[in-house]
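Visitor: Return atomic coordinates for the entry below.
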Amino acid sequence: MGTKILNSRWFYVVLSILLAFLLWVYVGNDPNSVDTGTLRNVRVVFSGLEKLEERGLMISEGAEQTVNLQLSARGEVWSRLNQGDTTVVVDVSGITEPGEQSVAITSRNINFPRSITIIDSIDVRYTSPSTIDFTVSRWSSKEIPVQGTFNGSVAEGFQRRDFSFAPDTITVSGQEELVSQVDHAQITISQEDMNSTYSADCSYTLIGTNGQPIAAGLVETEPETVLVTLPVEKMKEVELTVDLIPGGGATADNVTVDIEPRTLMVAGSAEILDQLRLASFDPLEFPDAESYLWQLQNNFIRMTDQECHLPEAGLEKQAQVMFAALAKVGALEVLEDG
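Guide: Got it, this is the predicted structure:
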């Protein structure tokens with residue numbers, strides 16, 4: 001019986017399969033066996049970017065890339081490869097002019113995890129793609145103005161003043177060709193029936209020299225938001241009065257004063273308007289323009305807690321500076337009647 005089994009062809013077939021299986025198990029468990037596999041989505045890292053910046057250059061296209069690496073290595077090396085972070089490093093420090101760039105991927109610019117040493121003998125068999133292609137452009141930066149558009153409405157009896165922005169400029173930086181196309185930053189306010197001053201941090205839209213919006217992300221901007229103030233002030237009709245000083249035999253009883261116009265429309269903050277309603281100009285208290293200007297300056301400092309320096313350049317120039325300061329804080333505006 002035993003002789004028949006040994007002489008059977010099927011015996012040797014089964015024995016061969018069994019031996020092959022045992023050999024496969026042995027080789028598969030051998031840490032020194034060489035396996036071929038693929039590392040996918042390996043990050044591309046650019047070094048020497050500071051040198052590019054010093055030369056006024058930047059990577060405008062191809063800055064974010066990944067590659068696939070087909071490698072051959074021992075089994076225990078693969079276990080360490082899969083646990084670490086492999087990258088492809090491209091040195092751009094030697095680039096001095098803008099243009100298209102192409103760098104071949106070799107074992108020299110593949111950065112394996114720290115656990116991989118030179119004796120691990122990793123063979124790079126194939127890369128996809130085989131080169132790292134990118135574009136270097138000139139870098140540029142400039143400041144652009146902030147502009148405001150009002151598409152809303154104010155309540156009856158109120159009026160709005162001009163926008164103010166903090167800051168009033170935006171820094172735009174990036175590829176020179178794109179930066180040159182940016183004209184200004186636009187902020188639009190669409191509030192309805194406003195009866196108080198609007199103040200908020202707002203985002204903005206970049207507008208190109210062609211008047212069209214520029215897509216976000218093409219250039220870098222700083223800051224990301226702007227503090228927008230849109231003063232809205234109450235309007236009121238104020239009657240003009242004249243205080244007479246008796247003199248030369250004349251008194252208020254025998255003098256007729258005709259004022260044209262008899263009233264003025266004024267606009268200012270609601271609090272100041274209520275005080276203005278009761279105010280009257282007393283020549284005895286303010287005998288000349290210089291003393292009245294001094295009083296205005298002191299009241300401005302006291303009510304706004306801001307400095308108000310008047311130039312030593314004559315009354316006319318001082319008055320211009322004083323009125324400009326009042327207008328800037330929205331303290332008072334006189335409108336022509338009719």
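Visitor: Now do the domain split for this structure, please.
Guide: Taking automatic domain parsing as the reference, the chain has its domains at 30-129, 139-230, 235-245+256-335.
Visitor: how about these in a markdown table, adding mean neighbour count and mean pLDDT?
Guide: C-betas here are computed from N, CA, C, even on glycine. Shown next, in a markdown table, are those (neighbours: other CB atoms under 10 Å; pLDDT from 0 to 100):
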| stretch | mean neighbour count | mean pLDDT |
| --- | --- | --- |
| domain 30-129 | 14 | 90 |
| domain 139-230 | 15 | 93 |
| domain 235-245+256-335 | 13 | 65 |
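Visitor: quick one, which of those domains is nearest to residue 17?
Guide: Across the domains of the chain, residue 17 has its closest neighbour in domain 30-129 (20.3 Å, CB to CB).
Visitor: that older thread, for the domains of the chain, give me CSV that also has distance to residue 17.
Guide: Below are the domains of the chain laid out as CSV (distance: least, CB to CB, whole Å):
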stretch, distance to residue 17
domain 30-129, 20
domain 139-230, 61
domain 235-245+256-335, 95
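Visitor: Compare these and give me the one nearest residue 18.
Guide: Closest of the domains of the chain to residue 18 is domain 30-129, at 18.8 Å (criterion: CB to CB).
Visitor: Under a three-state scheme, what state does residue 311 occupy?
Guide: Secondary structure for residue 311, judged by DSSP: H, G, I helix; E, B strand; the rest coil, is coil.
Visitor: Look up how far residue 325 lies from it.
Guide: Distance of residue 311 to residue 325, given as CB to CB, to the nearest Å: 12 Å.
Visitor: List the contacts of the residue at minimal distance from the centre of the chain.
Guide: For the chain, the residue sitting closest to the mean C-alpha position, by CA atoms, centre = their mean, is residue 224 at 2.9 Å. Counting by CB atoms under 8 Å, 6 or more residues apart in numbering, residue 224 touches residue 203.
Visitor: next one: phi and psi at it?
Guide: Note on residue 224: backbone dihedrals following degrees, to the nearest 10 are phi -80, psi -20.
Visitor: For the strand ranked longest in the chain, which strands pair with it and how are they oriented?
Guide: Longest strand of the chain, by residue count under DSSP state E: strand 131-150. As defined by DSSP bridges, the strand partners of strand 131-150 come to strand 57-61 (antiparallel), strand 99-104 (antiparallel), strand 169-175 (antiparallel), strand 182-189 (parallel).
Visitor: Those into a markdown table, with extra columns for distance to residue 83?
Guide: Formatted as a markdown table, the strands paired with strand 131-150 follow (distance: least, CB to CB, whole Å):
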| stretch | distance to residue 83 |
| --- | --- |
| strand 57-61 | 30 |
| strand 99-104 | 27 |
| strand 169-175 | 38 |
| strand 182-189 | 46 |
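Visitor: For residue 294, find the nearest of the ones you listed.
Guide: strand 169-175 (35.5 Å).
Visitor: if we can go back for a sec, quick one: closest of the strands paired with strand 131-150 to residue 213.
Guide: strand 182-189 (7.9 Å).
Visitor: what does the closest one contact?
Guide: Outside strand 182-189, the residues that touch it by CB under 8 Å, 6+ apart are 142, 144-152, 163, 165, 170, 172, 198, 202-209, 211, 213-214, 219, 221, 226, 228, 230.
Visitor: Check stretch 305-312 too.
Guide: Under CB under 8 Å, 6+ apart, the answer for stretch 305-312 is 293, 297, 300, 301, 317, 318, 321, 322, 325, 329.
Visitor: Residue 131 contacts residue 102, correct?
Guide: Yes - under the criterion of CB atoms under 8 Å, residue 131 makes contact with residue 102 at 4.9 Å.
Visitor: mind checking which of the domains of the chain is nearest residue 16?
Guide: Nearest to residue 16 among the domains of the chain is domain 30-129; the distance by CB to CB comes to 20.8 Å.
Visitor: Just checking the distance from the closest one to the centre of its chain.
Guide: Centroid displacement of domain 30-129 relative to its chain, using CA atoms, centre = their mean, to the nearest Å, is 33 Å.
Visitor: any chance of the contacts of stretch 305-312 in JSON lines, with secondary structure and distance to residue 67 too?
Guide: Shown next, in JSON lines, are the contacts of stretch 305-312 (DSSP: H, G, I helix; E, B strand; the rest coil; distance: CB to CB, whole Å):
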{"residue": "293", "secondary structure": "helix", "distance to residue 67": "74"}
{"residue": "297", "secondary structure": "helix", "distance to residue 67": "70"}
{"residue": "300", "secondary structure": "helix", "distance to residue 67": "67"}
{"residue": "301", "secondary structure": "helix", "distance to residue 67": "67"}
{"residue": "317", "secondary structure": "helix", "distance to residue 67": "69"}
{"residue": "318", "secondary structure": "helix", "distance to residue 67": "71"}
{"residue": "321", "secondary structure": "helix", "distance to residue 67": "65"}
{"residue": "322", "secondary structure": "helix", "distance to residue 67": "69"}
{"residue": "325", "secondary structure": "helix", "distance to residue 67": "63"}
{"residue": "329", "secondary structure": "coil", "distance to residue 67": "60"}
